[in-house]
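In: could you look at this predicted model? Sequence included:
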Amino acid sequence: MTLDIQDINKDVVVRLMEAFSVANHGLLDSLMSDDYIQHNPTPNGREPVKRMADILQTAFPDGRMVINDIVAEGDKVVARISMTGTHTGPLIGIAPTGKHVEMTSIDIWRIKDGICVEHWDEIDRVGLLRQIGLKAILRALLKSGSRRQILSFAREQGIMRR
């Protein structure tokens, strides 16, 4: 049985999400172009993606990503993704709360020659922060070092404008 290009492209995204969920930088590098374009507030390139994978891996070491739905058409792949985990590590200056959380997203990638070259997403970042809890966020904001880290992350992720 021969795989068509849509199946090959879906496999690229499945491997990308597997690499992202465990912060496997080598595999991420092999699945994204040097000039990876983000159509969201995250800066372009591989490094911001690897940085986000590290942040999530540290904050949610038991984190698990599930692709609930995946569809491919032409050179695009769309996936509805859920990430679950327990907040047992620091998250952008927010101390661990021990809360089990779920974050959802809809992502679109453009694939060229077996490599992800562009990405669009809608991620429920605010929902994640709500689940972690206002008390934990306010506590972190009161610490000046944490405040800068949180505000910088919120701006980078489009949660807050500059």
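Out: Alright, I've got the coordinates.
In: going forward, measure contacts between C-alpha atoms and count neighbours the same way
Out: Fine.
In: helix, strand or coil: sort out the nearest residue to Glu18 once chain neighbours are set aside for me.
Out: Leaving aside its sequence neighbours, Glu18 sits nearest to Met65 (Cα to Cα, 6 or more residues apart in numbering; 7.6 Å). Following DSSP: H, G, I helix; E, B strand; the rest coil, the label given to Met65 is strand.
In: can you check the one 4 residues further on too?
Out: Counting by three-state DSSP, the backbone at Asp69 sits in strand.
In: from Asp124, how far off is it?
Out: 17 Å (Cα to Cα, to the nearest Å).
In: ok, Ile92 next?
Out: Ile92 sits 16 Å away from Asp124, going by Cα to Cα.
In: the longest helix along the chain: which residues count as buried?
Out: For the chain, the longest helix by residue count, based on DSSP state H, is helix 5-21. By 16 or more other Cα atoms under 10 Å, the buried positions in helix 5-21 come out as 5-6, 9-10, 12-14, 16-21.
In: quick one: that helix to chain centroid distance?
Out: Chain-centre distance of helix 5-21: 14 Å, with Cα atoms, centre = their mean, to the nearest Å.
In: that one: what's the following helix or strand?
Out: helix 25-31 (DSSP states H and E).
In: Ile81 is in contact with Ile106, isn't it?
Out: Yes. Counting by Cα atoms under 8 Å, Ile81 does reach Ile106; the two are 6.3 Å apart.
In: biggest strand in this protein by residues?
Out: strand 100-112 (DSSP state E).
In: give me the sheet partners of that one and which way each runs.
Out: The strands beside strand 100-112 in its sheet (DSSP bridges) come out as strand 76-86 (antiparallel), strand 115-123 (antiparallel).
In: show me the one of those strands that comes nearest Ile55.
Out: strand 76-86 (12.8 Å; Cα to Cα).
In: what does that closest one rub up against?
Out: 6, 9-10, 13, 59-72, 98-111 (Cα atoms under 8 Å, 6 or more residues apart in numbering).
In: hmm, which of the residues you listed are the buried ones?
Out: The neighbour count (16+ other Cα under 10 Å) marks 6, 9-10, 13, 59-67, 70, 72, 101-111 as buried among the contacts of strand 76-86.
In: if we can go back for a sec, show me the contacts for the residue nearest to Glu18.
Out: Neighbouring residues of Met65 by Cα under 8 Å, 6+ apart: 17-18, 21, 81-84.
In: thank you, goodbye.
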